[in-house]
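[1] Structure for this input, please:
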Amino acid sequence: RLVETFYNLFVAILLNRNRSIGLLLSELGGFICGFNHAPAGTKRISNLLRSKKWTATVIDDFLFARSKKRIEQLIQIGKRPLLVWDDSKIEKPESWRPTLGLPRVYAV
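    Below is the predicted model:
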């Protein structure tokens, strides 16, 4: 049942995401179980998120394995894998810039 709830939650987020207004947990519950049973859907999501049957390491391991496989594929076909660094979450740009005042270097 957790796998089914996860799948339905994932599909609901993909289909109904909206950056400007967001998406509420109760709305997701309605998308999963129908709007007449939104509280039941919300409870399912809550049970999924706090379940002891999985941890975030499951997701980390999956993403790491998938990334590693993609890098190996790129190397096999002779392409150079590159990493895109999104520094939007760092509090200050100066915190990762070299201390000698050198300009930033971007690999493309």
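
[2] Okay, now the unreliable bits of this protein?
    19, 21, 86-108 (pLDDT under 70).

[3] what ranges do the helices span in this protein?
    Secondary structure of the chain (DSSP state H): helices at 2-16, 25-33, 38-49, 56-76.

[4] I'd like the ones you listed laid out as CSV, including distance to Leu83 and mean neighbour count.
    Yep, even glycine has a C-beta here, placed from its N, CA and C like the rest. Shown next, in CSV, are the helices of the chain (distance: least, CB to CB, whole Å; neighbours: other CB atoms under 10 Å):
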stretch, distance to Leu83, mean neighbour count
helix 2-16, 25, 13
helix 25-33, 32, 18
helix 38-49, 30, 16
helix 56-76, 10, 10
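
[5] Same list, those, but as a markdown table with distance to Val84 please.
    Converted to a markdown table, these look like this (distance: least, CB to CB, whole Å):
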| stretch | distance to Val84 |
| --- | --- |
| helix 2-16 | 22 |
| helix 25-33 | 29 |
| helix 38-49 | 29 |
| helix 56-76 | 12 |
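
[6] Any idea which of those helices gets closest to Leu82?
    helix 56-76 (9.1 Å; CB to CB).

[7] List of residues touching the closest one?
    For helix 56-76, the external contacting residues (CB atoms under 8 Å, 6 or more residues apart in numbering) are 80-81.
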